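In: whatever this is, show me its structure:
(one chain, ligands or ions: 1)
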Amino acid sequence: MRQAVISGTGLYTPPFSISNQELVTCFNAYAEQFNAGHAAAIADGTVTALEGSSVAFIEKASGIKARYVMEKDGILDPARMVSRIPERGDDELSIQADMAVAAARAALQQAGRSAADIDMVLVACSNMQRAYPALAVEVQQALDIDGYGFDMNVACSSATFGIQTAVAAVQSGQARAVLVLNPEITSGHLNWRDRDSHFIFGDACTAIIVEAKDTATSKHQFEILETQLKTSFSNNIRNNFGFLNRFDETGEGKADKLFRQQGRKVFKEVCPMAAEMIKATIAKAGLEVPQVSRYWLHQANLNMNLLITRMILGRDAEPQEAPVILDEYANTSSAGSIIAFHKYQDDMPAGALGVICSFGAGYSIGCVVVRKL
Ligand code: COA
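Out: Residues are numbered from 1 along each chain as shown. Below you'll find the model as predicted:
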């Protein structure tokens with residue numbers, strides 16, 4: 001069977017960053033206004049007063065210090081608390097395709113490839129801005145790629161599931177090279193008025209090129225030794241937004257049409273699942289844990305990643321063993337583990353082994369074992 005490599009990655013970082021302090025100042029102004037506006041109902045017990053958010057809590061509970069967003073002023077306006085981004089016309093490049101094209105160009109350059117070398121485009125992310133036509137087909141046209149493209153959504157695990165789909169296409173001879181894109185505008189599904197989760201997410205887009213090893217020429221190659229995917233149904237991370245919402249007007253404006261989670265349960269259930277999957281995938285690749293020098297983990301919560309690496313290694317990981325980007329980017333859903341991979345690979349010697357692992361809604365977990373060439 002043909003071997004596949006990751007021959008290049010690219011990253012698009014949005015132009016605006018929001019610090020925890022900025023976010024908390026806005027949330028607390030909103031909470032004060034809400035409480036003042038509902039003072040009588042709060043006094044008679046029919047409405048619950050909102051409690052303030054806290055920078056110290058956010059950093060301790062999650063490790064997040066800031067997040068990038070596509071538009072900042074609307075989010076930080078206590079009377080609005082959602083981005084202000086005008087709709088684009090059908091004849092303009094859509095915003096998710098726009099960020100995907102930027103990340104794709106960077107990945108193509110790193111791989112030493114051009115659009116003519118790509119046969120397949122996958123847009124794999126948590127939220128698509130429209131039902132159809134597929135964003136992947138729009139990106140394909142924008143980059144002038146011949147072949148085919150389609151969208152897929154496996155929430156936070158979209159990138160690793162996308163890599164596995166790309167590997168299968170390369171191994172079967174269906175595609176010489178595949179462009180996998182993860183344009184995450186998570187600021188669109190985040191409820192900025194929910195104290196429990198308003199700090200969690202950020203926007204970013206990553207691009208990955210998977211191609212046949214025997215013809216790859218890139219100086220940045222990682223051989224894909226093994227991939228393993230797993231899903232197991234859970235309601236603990238859920239978003240009921242969808243095209244059938246209009247069937248029932250009573251649901252309009254309900255918070256269940258945005259991201260919501262049982263954070264404690266997710267933490268408790270997902271950490272052991274991810275650690276077991278990583279160990280099983282390393283074993284399936286014919287390797288042992290001590291041979292692996294790097295874990296590019298999904299970037300949702302620092303404490304989760306510390307626990308998962310402790311479960312794998314039986315000790316605390318050194319910082320370079322499990323690089324952290326969530327302090328600067330927050331949870332960028334499927335892009336997170338790929339941002340870590342993109343930023344923390346240059347120091348690895350040829351032959352070094354690593355694991356990319358994502359985990360999230362579904363539940364879904366994806367593991368990719370790679371060796372630097
Ligand atoms: N500011 C201050 N206090 C806050 C707060 C905020 N923004 N949000 C919640 N709190 C309070 C809670 O009200 C609670 O108070 P109580 O103890 O008086 O009841 C306390 O802080 C602890 O809240 P809890 O929700 O139990 O916090 P946590 O330690 O579980 O951390 C998460 C919350 C979301 C950071 C954490 O559960 C998590 O990251 N889980 C993983 C889920 C995840 O990342 N999923 C994404 C996909 S994998």
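In: who in the stretch 1-150 of the chain is up against the ligand?
Out: Contact residues (CB under 6 Å from any ligand atom) of the stretch 1-150 of the chain with the ligand: S53, S54, F57, I58, A61, S62. Every residue, glycine included, has its C-beta placed from N, CA and C.
In: so what's the last one closest to, chain neighbours aside?
Out: Yep, that's S62 we're talking about. N301 (5.1 Å; CB to CB, 6 or more residues apart in numbering).
In: for the fourth one, same thing?
Out: Of all residues not flanking I58 in the chain, F199 sits nearest, at 4.4 Å (CB to CB, 6+ apart).
In: burial count for the one you found?
Out: 29 (other CB atoms under 10 Å).
In: I'd say F243 and A131 touch.
Out: Yes. Contact criterion CB atoms under 8 Å: F243 and A131 qualify, at 6.2 Å.
In: mean confidence score for the host helix or strand of Q96?
Out: Under the criterion of DSSP states H and E, Q96 resides in helix 95-111. Averaged across helix 95-111, the pLDDT comes to 98.
In: flag every buried residue along the helix or strand following that helix.
Out: For helix 95-111, the succeeding helix or strand toward the C-terminus, using DSSP H and E, is strand 120-124. Residues M120, V121, L122, V123, A124 are the ones in strand 120-124 that count as buried (16 or more other CB atoms under 10 Å).
In: export those to a markdown table and append columns for pLDDT and distance to E226.
Out: Formatted as a markdown table, those follow (pLDDT from 0 to 100; distance: CB to CB, whole Å):
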| residue | pLDDT | distance to E226 |
| --- | --- | --- |
| M120 | 98 | 21 |
| V121 | 98 | 24 |
| L122 | 98 | 20 |
| V123 | 98 | 25 |
| A124 | 98 | 19 |
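In: which among these gets closest to the ligand?
Out: Nearest to the ligand among those is A124, at 16.2 Å by CB to the nearest ligand atom.
In: per-residue confidence at the closest residue in space to the closest one that isn't next to it in sequence?
Out: Computed as CB to CB, 6+ apart, the closest residue to A124 that is not its neighbour in sequence is G162, at 3.4 Å. Note on G162: pLDDT of 98.
In: is G162 in a helix, a strand, or coil?
Out: Judged by DSSP: H, G, I helix; E, B strand; the rest coil, the three-state class of G162 is helix.
In: correct me if wrong: Q320 contacts Q345.
Out: No. In this structure, Q320 is not within contact of Q345 by CB under 8 Å, at 11.2 Å.
In: common neighbours of those two, please.
Out: When CB atoms under 8 Å, 6 or more residues apart in numbering defines a contact, the residues bordering Q320 and Q345 alike are R294.
In: which of those two has more residues huddled nearby?
Out: Between Q320 and Q345, counting by other CB under 10 Å, Q345 is the more crowded of the two (19 against 11).
In: what sits against the more buried one?
Out: H220, F222, R294, G354, K372.
In: quick one: residues contacting E138.
Out: Applying CB under 8 Å, 6+ apart, the residues near E138 are L93, S94, A97.
In: quickly note the distance from it to the ligand.
Out: 27 Å (CB to the nearest ligand atom, to the nearest Å).
In: count of neighbours near the residue nearest to K254 when sequence neighbours are not counted?
Out: The shortest distance from K254 to any non-neighbouring residue, by CB to CB, 6+ apart, is to N240 (7.9 Å). Counted with other CB under 10 Å, residues neighbouring N240 total 13.
In: ok, now A159?
Out: Neighbours of A159 (other CB under 10 Å): 32.
In: and the ligand, is the host helix or strand of it touching that?
Out: Using DSSP H and E, A159 maps to helix 158-171. No. Contact of helix 158-171 with the ligand (CB under 6 Å from any ligand atom) is absent, the minimum separation being 12.4 Å.
In: and the following helix or strand past that helix, is it in reach of the ligand?
Out: Next in sequence after helix 158-171, counting helices and strands by DSSP H and E, comes strand 177-184. No. Counting by CB under 6 Å from any ligand atom, the ligand has no neighbours in strand 177-184; the shortest distance is 12.3 Å.
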